[in-house]
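Novice: Predicted structure and sequence below. I'll ask about it afterward.
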Amino acid sequence: MASRDRTQVGIIGAGPAGLLLARLLEVHGVDSVILEARTRDYVEARIRAGVLEQGTVDLLEEAGVAERLHREGLVHDGVEIAANGRRLRIDFRELTGKTVTVYGQTEVTRDLIAARLAGGGPIVFEADDVAIHDIETDRPRLSYRVAGEDRSLVCDFVAGCDGFHGIGRPSLPASLRRTVDRTYPFGWLGILADVPPCSDELIYASHPRGFALASMRSPTRSRYYVQCGLDDKIEAWPDARIWDELRLRLGSEPAPDITTGPSIEKSIAPLRSFVSTPMQHGRLFLAGDAAHIVPPTGAKGLNLAASDVHYLCRALLAHYAKGNDDKLRAYSDTALARVWKAERFSWWMTTLLHRLHPEGSFEAQMQRAELDYLASSRAAQTALAENYVGLPF
Ligand SMILES: Cc1cc2nc3c(=O)[nH]c(=O)nc-3n(C[C@H](O)[C@H](O)[C@H](O)COP(=O)(O)OP(=O)(O)OC[C@H]3O[C@@H](n4cnc5c(N)ncnc54)[C@H](O)[C@@H]3O)c2cc1C
């Protein structure tokens with residue numbers, strides 16, 4: 001593909017945020033170029049999130065990439081919470097009229113890349129040393145190197161969709177940036193296996209041995225997690241130990257029937273809550289993990305990236321179609337209003353379900369009381385359901 005030196009929106013990062021933004025802009029006639037540090041194979045193979053809110057599905061429809069999602073995605077009407085020896089079903093459809101769709105982030109990414117390339121939209125993979133210049137002018141510029149050649153891309157706007165470790169966030173002036181951060185004293189050990197899931201719906205388990213989650217990617221591929229120590233090494237967790245631990249932690253009434261098999265992926269991830277404000281300065285706008293991180297307990301990371309992109313796309317379209325910059329000016333505040341609520345929910349789900357405090361402590365007793373309240377109150381179940389299926393955009 002010939003190199004480009006001018007575009008309307010320069011996008012850094014071909015994760016879900018960058019790819020979805022590019023595709024939505026393209027559908028609405030706005031030009032963009034994506035610069036991605038990694039190879040296409042690497043980006044398409046990354047195993048991460050799997051639960052899509054209805055609002056995210058709607059955006060993927062608008063982007064014209066929902067055909068396979070509707071064919072292969074699993075619509076879930078609820079989840080189960082296993083705690084104190086019993087299982088409680090939270091019925092999303094009954095409580096909120098909404099559902100979620102289980103469809104892997106890898107599949108979302110593949111669909112978006114395929115649509116982008118089929119439409120002729122450029123993605124520059126293996127772009128090294130990407131740097132952002134002149135964001136306080138109306139002609140910001142991206143410099144980068146690809147295959148040893150230095151290049152430059154002049155833009156109207158820059159979207160930093162380059163995740164937590166990207167260069168977008170540090171390119172905002174340090175004097176303006178404020179961050180809040182919480183790291184949790186445990187991690188999640190995840191295992192992916194080509195075995196049928198143990199349940200039709202996700203099971204979140206709070207057990208004296210620690211949290212566990214039974215999830216899935218398809219009717220033949222399961223994704224399980226167990227709470228583990230931050231210093232745990234993957235070598236200390238052979239597959240057999242993980243399956244044994246899952247049986248114990250998920251073993252409430254009725255106990256799920258777990259089919260075991262060799263892992264095809266296994267990893268340990270730390271859990272953190274993180275928000276950096278503001279999400280814009282001059283002509284640089286951040287979206288997704290570049291600006292905020294949630295612990296995965298509430299399944300919000302990918303969905304928050306999608307809602308940021310929704311707000312940013314609407315703001316850019318108002319600029320190009322009507323010359324109106326009100327939404328661009330308000331972007332950070334608009335996006336953050338939803339981000340903070342998702343942060344709250346993810347923190348709440350995490351502290352509700354994980355083992356954080358010694359048995360018998362005040363905090364452990366509060367956790368038990370909260371779970372009892374959830375089991376007995378339709379209002380509490382509705383609050384969980386409303387947040388899990390996604391607050392309105
Ligand atoms: C291990 C792991 C497991 C997760 N599990 C879950 C889960 O179960 N549920 C859930 O909801 N969420 C989960 N998440 C979170 C979810 O995957 C993210 O919220 C989501 O990927 C955010 O999308 P994004 O596009 O903002 O960022 P990313 O997906 O991080 O994409 C950023 C892209 O930018 C590229 N990039 C970075 N720096 C540069 C640079 N300097 N130049 C050019 N390109 C660059 C990266 O290569 C990447 O492709 C998980 C995250 C991780 C890391």
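Specialist: Good, I have the coordinates. Numbers count the residues shown, from 1 in each chain.
Novice: And the longest helix anywhere in the chain, how far out from the chain middle?
Specialist: Ranked by number of residues, the top helix in the chain under DSSP state H is helix 326-353. Distance of helix 326-353 from its chain centroid, counting by C-alpha atoms, centre = their mean, to the nearest Å, is 13 Å.
Novice: before we move on, what about stretch 352-362?
Specialist: 27 Å.
Novice: Give me every residue in the stretch 201-350 of the chain lying close to the ligand.
Specialist: Contacts of the stretch 201-350 of the chain with the ligand, taken as C-beta under 6 Å from any ligand atom, map to 269, 288, 289, 290, 296, 299, 300, 301, 302, 305. Using the backbone N, CA and C atoms, a C-beta is placed for each residue, glycine as well.
Novice: Quickly find the element holding the last one.
Specialist: When elements are assigned from DSSP states H and E, residue 305 belongs to helix 301-322.
Novice: For that helix, name the packing helices and strands.
Specialist: Packing partners of helix 301-322 (3 or more C-beta pairs under 8 Å, 6 or more residues apart in numbering; DSSP states H and E): helix 16-27, strand 51-53, helix 54-62, helix 326-353.
Novice: Can you check what angle separates the longest one from helix 54-62?
Specialist: In terms of direction (axes from the mean of the first three to the mean of the last three C-alpha atoms, to 10 degrees), helix 326-353 departs from helix 54-62 by 130 degrees.
Novice: could you give the angle of helix 326-353 to helix 301-322?
Specialist: Calculated by the same axes, to 10 degrees, helix 326-353 forms an angle of 170 degrees with helix 301-322.
Novice: I'd like the next helix or strand past helix 326-353.
Specialist: Criterion used, DSSP H and E; the element after helix 326-353 is helix 362-376.
Novice: Over to the first one?
Specialist: Per DSSP H and E, the first helix or strand lying C-terminal to helix 16-27 is strand 32-35.
Novice: Which residues does that following strand contact?
Specialist: When contacts are defined by C-beta atoms under 8 Å, 6 or more residues apart in numbering, strand 32-35 is touched by residues 4, 7-14, 18-19, 21-22, 25-26, 116, 121-124, 127, 130, 142, 144, 153, 155, 159.
Novice: Mark which of the residues you listed are part of strands, please.
Specialist: With DSSP state E as the criterion, strands contain 9, 10, 11, 12, 123, 124, 130, 142, 144, 153, 159 from among those.
Novice: Show the buried residues in the contacts of strand 32-35.
Specialist: For the contacts of strand 32-35, a burial check counting by 16 or more other C-beta atoms under 10 Å picks out 7-14, 18-19, 21-22, 25-26, 116, 121-124, 127, 130, 142, 144, 153, 155, 159.
Novice: and these near the ligand, which?
Specialist: 12, 13, 14, 18, 127, 130.
Novice: Out of the residues you listed, which is nearest to the ligand?
Specialist: For those, the closest approach to the ligand (C-beta to the nearest ligand atom) belongs to residue 13, at 2.8 Å.
Novice: which non-adjacent residue is nearest that closest one?
Specialist: With C-beta to C-beta, 6 or more residues apart in numbering as the criterion, residue 13 has its nearest non-adjacent residue at 3.6 Å, and that residue is residue 162.
Novice: What distance do you get for residue 25 to residue 300?
Specialist: To residue 300, residue 25 is 24 Å away according to C-beta to C-beta, to the nearest Å.
Novice: can you check residue 136 too?
Specialist: Taking C-beta to C-beta, one finds residue 136 at 32 Å from residue 300.
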